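Q: One predicted model, sequence on top.
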2 protein chains.
Amino acid sequence: MTQFTKKRKLDQSVQDSLYFDSYSDVTIHEEMIADKVRTNSYRLGILRNSKTIQGKVVLDVGAGTGVLSIFCVQAGAKKVYAVEASAIADQAKAIVKLNKMDDKIDVIKGTLETTDLPEAVDVIVSEWMGYALLHESMLNSVIFARDKWLKPGGLILPSKAELYVAPINDLVVEDRLSFWSTVKDQYGVDMSCMSDFARKCIMNNDITVNMVTVEDVLSHPAKFAELDLYTVTTEQLKRVKGSFTCECFGSSCVNALCVWFSVNFPGEEKPLVLSTSPFKQETHWKQSVLYLDEPIDVMQDTKVEGEITLYPSEESSRHICIHVDYTIGDLKKKSKTFTMGDGYSDPQ
Amino acid sequence: MTQFTKKRKLDQSVQDSLYFDSYSDVTIHEEMIADKVRTNSYRLGILRNSKTIQGKVVLDVGAGTGVLSIFCVQAGAKKVYAVEASAIADQAKAIVKLNKMDDKIDVIKGTLETTDLPEAVDVIVSEWMGYALLHESMLNSVIFARDKWLKPGGLILPSKAELYVAPINDLVVEDRLSFWSTVKDQYGVDMSCMSDFARKCIMNNDITVNMVTVEDVLSHPAKFAELDLYTVTTEQLKRVKGSFTCECFGSSCVNALCVWFSVNFPGEEKPLVLSTSPFKQETHWKQSVLYLDEPIDVMQDTKVEGEITLYPSEESSRHICIHVDYTIGDLKKKSKTFTMGDGYSDPQ
């Protein structure tokens, strides 16, 4: 898993070109389309807004294979501009043609920021969410599109994003740490002293993208930030900050904080929610796990509270960093800063 | 899975330092120790040579956590020099001490090539095998150790390596290609035209490290190369070449060649074999899969034959490349060159 590569600050254009290259392969699109929670939420989120979309002009930001653009035509859109900077745009064109929608969908191969549309749009649709919501920084392009191309009173799908946190006991880590005590029985070599080293390696400063199970979660989740797609600015995205308070269900051991997000599609009655919560069906975003330096015992009603800040990395503005200040029970406040680990440059 | 990084030729010292860094984390050692086939084969391979090892001096090349050195002491070694260049050497020292063998095992933190031993050795033990046997190029260090430090008539464990190939029908790829035809039923969007693109992306020039199952294998394996650890030279490792002929069991479709290796430990009766064959229990080396550009139908007794060459990559001498010239049945000869994909810089 380790790479023969060194972290270094990359020129913005190199960052962008590597970023768009990462979407030129089939694997990432296969994973996104195969993610039924994601794709069905968008499908239903778009279809339930048919009344608004009917006969209107739509802009799809980062269209990928064009699936959301096709959903918009199915919802009655008159015209869809599907803007996609990576080479997958060529496949989107073929798919649009195969579905006999080439009169309604214009696939435009280029970056949103450099694309000149022939008209303003009534609706913007985009699947811009990365790990921990803001990894990849694609929301900046949606904001750019909104400010430049969306008519006043236009619709944005999804229209709201929320960030959540909860303390967890990650059982995989517990298993990995106790593994070293089992080596003696297996091979007659005592390796129990490796546990401390393993703890330092595993409970590091990486944002770890893992599937967290309901059993791991130690309290009700706390919402710590909310982004309104109609009003959020790129300036605000440089520092998304919020506080949280969680009260533990019972006796356990906190070894990590778990962060996830949801996005909302407006609806006539209640909004449709695409959630990446560990309490819901799994998605390809999984959850983002932030390991504490050391596991800490908690009891029923022990408070886990603090502040979380998400901001772009200095090395690469498309990579997310998360800083956490937290207290657990009566222990003194601690701080830890996390960065997205190598190998998570895009949703997998 | 895609990386925000560019392939470029790295200075040899940078390559080495990145390579050794990759062994400083706990994950790779956990995987190697947890690989029971690997660790038990070494344990038994060493113990069955107790008569030779008893009272002798051993050199462990790339000792890692020191587990092989400890097996050698358990087999009666008088002294073991455990040479390890990565930071895991510090853990090896702690483990050796915990097992009360610090009087017998000297853990030396440094590269084999720059280490000065106080004496020549009777035995060399090393776990140097990478993906497709030669990825990582660590065998060069074993050869260096043999030529500089092994007494005439000394023992090398393991003492022989063999490379195998067989045509396979990789079912995972078949599933991934047919996925695109299922999208219409799921979401009402026809994406069947993506299969061709998916084929080009998946059946690419990467050496893919995958678990191949017995059901995938379409013929008896063919051994195409053999390395005698007592005589092989670094010059020979620049080009390890061999030919193969396989006859298919029955009607199927070849979409890849599968390459794997075994190593032998000498014994009084028959050698102990550590095999990474798809017919044997799985190991962390899995198998190395080389996808053809296009699947080709075969029948019973259809011949799949050709030549395979393994050689170090020009960009990084620790990365392996595989060139294959092959014919299937009456089709005209084809050639394809593969490189180890990103994300496989060391055994996982």
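A: That came through, no problem. Numbering: from 1, shown residues only, chains lettered A, B, ... in the order given.
Q: tell me how far the ends of stretch A:104-112 are from each other?
A: Taking Cα to Cα, to the nearest Å as the measure, stretch A:104-112 stretches 19 Å from start to finish.
Q: what is the rounded mean pLDDT of it?
A: What stretch A:104-112 shows for mean pLDDT is 97.
Q: ok, now stretch A:16-33?
A: On average, stretch A:16-33 scores 88.
Q: May I see the buried residues of it?
A: Within stretch A:16-33, the residues scored as buried using 16 or more other Cβ atoms under 10 Å in any protein chain shown are A:16-26, A:28-30, A:32-33. Any C-beta I mention is one placed from the backbone N, CA and C, and that applies to glycine too.
Q: Quick one: the helices in chain A, in order.
A: A:12-21, A:26-34, A:36-47, A:50-53, A:67-74, A:89-98, A:139-149, A:171-179, A:183-187, A:194-202, A:234-237 (DSSP state H).
Q: And for residue A:322, nearest residue in space, chain neighbours not counted?
A: residue A:338 (4.6 Å; Cβ to Cβ, 6 or more residues apart in numbering or on different chains).
Q: got it, and residue A:215?
A: Computed as Cβ to Cβ, 6+ apart, the closest residue to residue A:215 that is not its neighbour in sequence is residue A:171, at 7.3 Å.
Q: Next: residue A:29.
A: Residue A:29 sits nearest to residue A:65 (Cβ to Cβ, 6+ apart), 5.3 Å away.
Q: Ignoring the adjacent residues along the chain, who's closest to the residue in the stretch 51-200 of chain A positioned nearest to chain B?
A: Evaluated by Cβ to the nearest Cβ, the stretch 51-200 of chain A has residue A:198 as its residue closest to chain B, separated by 4.4 Å. In this structure, residue A:198 finds its nearest non-sequential neighbour in residue B:26, 4.4 Å apart by Cβ to Cβ, 6+ apart.
Q: In contact with the residue nearest to residue A:322, which residues?
A: A:205-207, A:290, A:321-324 (Cβ atoms under 8 Å, 6 or more residues apart in numbering or on different chains).
Q: Could you give me the PyMOL selection string for whichever of these are buried?
A: Restricted to buried positions by 16+ other Cβ under 10 Å, the PyMOL selection for the contacts of residue A:338 reads:
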select buried, chain A and resi 206+207+290+321+322+323+324
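Q: nearest to residue B:302, of the contacts of residue A:338?
A: Using Cβ to Cβ, residue A:206 comes nearest to residue B:302 of those, at 48.5 Å.
Q: Compute the distance between the closest one and chain B, please.
A: Separation of residue A:206 from chain B (Cβ to the nearest Cβ, to the nearest Å) stands at 11 Å.
Q: which ones are touching that residue?
A: A:338-341.
Q: Max pairwise distance over those: which two?
A: Pairwise distances across these (Cβ to Cβ) peak at 8.9 Å, for the pair A:338 and A:341.
Q: list the residues that contact both of these two?
A: Residues touching both residue A:338 and residue A:341 by Cβ under 8 Å, 6+ apart: A:206-207.
Q: Count the residues that sit near the residue of the stretch 51-200 of chain A closest to chain B.
A: A count of neighbours around residue A:198, defined by other Cβ atoms under 10 Å in any protein chain shown, yields 22.
Q: where does the residue nearest to residue A:29 fall, phi/psi-wise?
A: Per-residue torsions, residue A:65: phi -80, psi 0 (degrees, to the nearest 10).
Q: Report pLDDT for it.
A: For residue A:65, the pLDDT comes out at 97.
Q: Now, the contacts of residue A:338 that are in strands?
A: A:206-207, A:290, A:321-324 (DSSP state E).
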